[in-house]
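> just to be clear, the model below is a prediction. Sequence and coordinates:
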Amino acid sequence: GKTLRSPGEVRPNAYATAQVTPRIDAQVLARHARLGDQVEKGQLLVTLSSVDMAEAQGDLVVGEREWQRLTKLKGQFVSDTEYLAASVSRQKALSSVLAYGMTQEQAEALVAASEKADGTFELLAPAAGTVVRDDFVLGELVEPGRVLFEITDESVRWVEAQLPPEEAAQISVGDKALIAYRDTWLDG
């Protein structure tokens, strides 16, 4: 068969790469993982603090207490309208903290412990892999969408070859590829 040669670039597997970003303006309080670390899904990565989160957490704690109070009194002194309003208020507050980046478990722990709604929250690893980017410093104010961590499964890598169109047209899915990497040849 015919052999084609091409320069290539090793890239992370985009299907096994995840970025960790805040959903609201926040300040970085603590780092729990760093570049090169192997992390498991759900592992604590960073602790953040936000005024918006503090407000949402406060609404959740108050909403939960009010709903529980009315649940105990339901049928005696509480109208269906009051009970429904408390239920909706509680659900809206829960939706806010979840939308801002808390997990269901973290929200339940906040309510159960009746801890201070101080605006702190933790971002967790969305998947297992290696931390390949952690571009932030303690105390930094970060905006929504800012990539704090990038995690990838390094067991499968992509090699992007640069071929002219006429050569690329000669290649089919399933064709054998050999990758020269340092002093070794890898099958691809």
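Happy to help now that I have it. Model, not experiment: these values are computed from the prediction.

> so residue 19 is in which element?
strand 17-20 (DSSP states H and E).

> can you pull the buried residues of the top helix by length along the chain?
The helix that spans the most residues within the chain, counting by DSSP state H, is helix 51-73. Neighbour-count burial for helix 51-73, counted by 16 or more other CB atoms under 10 Å, picks out 53-61, 63-64, 66-67, 70. All C-beta atoms are positioned from the backbone trio N, CA, C, and that covers glycine.

> on contacts alone, who are the packing partners of the strand holding residue 19?
When contacts are defined as 3 or more CB pairs under 8 Å, 6 or more residues apart in numbering; DSSP states H and E, strand 17-20 sits against strand 129-133, strand 149-152.

> quick one: name whatever helix or strand follows the last one.
The first helix or strand that comes after strand 149-152 along the chain, using DSSP H and E, is strand 157-161.

> in that next one, what's buried?
For strand 157-161, a neighbour-count test (16+ other CB under 10 Å) marks 157, 161 as buried.

> what's the helix or strand following it in contact with?
Sequence order places helix 165-168 as the next helix or strand after strand 157-161, per DSSP H and E. For helix 165-168, contacts defined as CB atoms under 8 Å, 6 or more residues apart in numbering pick out 4, 6.

> please report the distance of the residue positioned nearest the centre of the chain from residue 141.
Compute the mean C-alpha point of the chain, and by CA atoms, centre = their mean the closest residue is residue 20, 4.1 Å away. Going from residue 20 to residue 141 by CB to CB, to the nearest Å gives 17 Å.
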